[in-house]
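Visitor: Compute the structure for the input listed below.
(one chain, ligands or ions: 1)
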Amino acid sequence: MTDWISLAAGQSYPTGTLYVVATPIGNVADLTLRALHVLGMADAVACEDTRNTGQLLSRLGLHRPLLAVHEHNEREAAQRVVARLAAGERIAYVSDAGTPGISDPGAALVEAARAAGHRVVPLPGPSAVVTALSVAGEMLQTGDGRFTFAGFLPTRAKARTEAIVALAGLDHAWVLYEAPHRIADTIGALAAQLPAQRRILIGRELTKLFEEAITMTVGEAPAWLAADAAHSKGEFVLVVEGAASDRGNGEASLAPEAIRVLELLLAELPAKRAAKLAAAITGGDTGALYALALERRAAD
Ligand code: SAM
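Guide: The predicted structure follows:
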């Protein structure tokens, strides 16, 4: 049988180096062989949460000293890590799950290590954003494979709506992270602000026992969420198709909120002005709004 660990050991692992190590987002077997090797050889493991990382290491049969480096102490804790690097230690850094620095701490530690002249070596591995995109299929092709990672939306309703309006016009796919207690609000806001036929991938509990990665239209998403209490549980990553898919769809390319705003403005303004303002307010396509304004006027 192949000696897997010797494949990882083939690389050089200099001393006085910070190793930034991705860890699983669910299934512990997704830890890479190199991550296992480096966590085993590190003089200490700096981590977001010592209890969480302690459990991971003991599942792997590893026992290393742990150093707490989290968002509240990252700068001063980074100086303690730098002192250990200066003494020639190899320090691994892991966040609670997935890739450090991706909606997770790690940036300040990386900066401090580099500023002090130490090498910083990334060990790639799981991340919820890339995991979801890998099964987004042709949604990712809208916009030639480009994507925007938007992380967590703001929690306040007004700021969240503004963020969605800003993202709605992107011609390529975008990715959001969301927690279970906010998923219903976020899906509701997406359904109000985006054209109903835009596709969305809902990745829930990826790599875990009850994982789901399903696609539907944005218009269908609120009903899917409401259909089963289990649908709102766990961790979420959402991939939303880009606006390039809206083109040529007429009224279907407009969000319910854009149509509502247009109709209000049409009561007071000429069609062209109403369409222009509705586009500026909602991020909807001016051409489609103007065509709809003319249709509504003809029907009056
Ligand atoms: N650093 C991590 C990464 O590389 O993906 C992300 C950390 S962020 C604090 C945690 C968020 O990532 C969760 O709230 C969820 O939105 C997303 N996430 C993490 N694990 C996930 C999973 N197994 N399935 C779906 N989303 C997940």
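
Visitor: need the contact list for the residue in the chain positioned nearest to the ligand.
Guide: Residue nearest to the ligand within the chain: Gly98 (2.5 Å; C-beta to the nearest ligand atom). All C-beta spots, glycine's among them, are computed from the backbone N, C-alpha and C. Gly98 is in contact with 22-25, 104, 125-128, counting by C-beta atoms under 8 Å, 6 or more residues apart in numbering.

Visitor: Among the residues you listed, which ones lie close to the ligand?
Guide: Contacts with the ligand within the contacts of Gly98, counted by C-beta under 6 Å from any ligand atom: 25, 104, 127-128.

Visitor: Flag the least confident of those residues.
Guide: Taking those together, the minimum pLDDT is found at Asp104 (95).

Visitor: What is the burial count for it?
Guide: Look at Asp104: counted by other C-beta atoms under 10 Å, it has 17 neighbours.

Visitor: So it sits against Cys47, correct?
Guide: No - with contact defined as C-beta atoms under 8 Å, Asp104 does not reach Cys47; the gap is 10.9 Å.

Visitor: ok so, going back, for the residue of the chain closest to the ligand, what are phi and psi?
Guide: Here is the backbone geometry of Gly98 (degrees, to the nearest 10): phi 80, psi -150.

Visitor: So what pairs up with it in the strands?
Guide: Bridge pairing for Gly98 (DSSP bridges) gives the partners Thr23.

Visitor: Check the gap between it and Pro124 for me.
Guide: 11 Å (C-beta to C-beta, to the nearest Å).

Visitor: joint contacts of the two?
Guide: Contacts common to Gly98 and Pro124, judged by C-beta under 8 Å, 6+ apart, are Ala22.

Visitor: what's around Val129, how many residues?
Guide: Other residues lying near Val129 total 22 when counted by other C-beta under 10 Å.

Visitor: So which residues on the stretch 151-300 of the chain come close to the ligand?
Guide: Going by C-beta under 6 Å from any ligand atom, the residues of the stretch 151-300 of the chain near the ligand are 177-179, 203, 205-208, 235-237.

Visitor: Restricted to strands, list those.
Guide: Within those, residues falling in strands by DSSP state E are 177-178, 203, 236-237.

Visitor: quick one: which of these has the most company?
Guide: Busiest of these [other C-beta under 10 Å] is Gly203, holding 26 neighbours.

Visitor: That residue and Ala107, how far apart?
Guide: Distance, Gly203 to Ala107, by C-beta to C-beta: 24 Å.

Visitor: Now do the same for the residue nearest to Glu295 when sequence neighbours are not counted: its pLDDT.
Guide: With sequence-adjacent residues excluded and distances taken as C-beta to C-beta, 6 or more residues apart in numbering, Glu295 is closest to Glu251, at 7.8 Å. The model reports Glu251 with a pLDDT of 80.

Visitor: what do you get for the one 10 residues further on?
Guide: For Val261, the pLDDT comes out at 94.

Visitor: In contact with it, which residues are there?
Guide: Counting by C-beta under 8 Å, 6+ apart, Val261 touches 277-278, 281-282.

Visitor: Rebuild those as JSON lines, extending it with secondary structure and pLDDT.
Guide: Compiled in JSON lines, the contacts of Val261 are given as follows (DSSP: H, G, I helix; E, B strand; the rest coil; pLDDT from 0 to 100):
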{"residue": "Leu277", "secondary structure": "helix", "pLDDT": "95"}
{"residue": "Ala278", "secondary structure": "helix", "pLDDT": "94"}
{"residue": "Ile281", "secondary structure": "helix", "pLDDT": "90"}
{"residue": "Thr282", "secondary structure": "helix", "pLDDT": "87"}
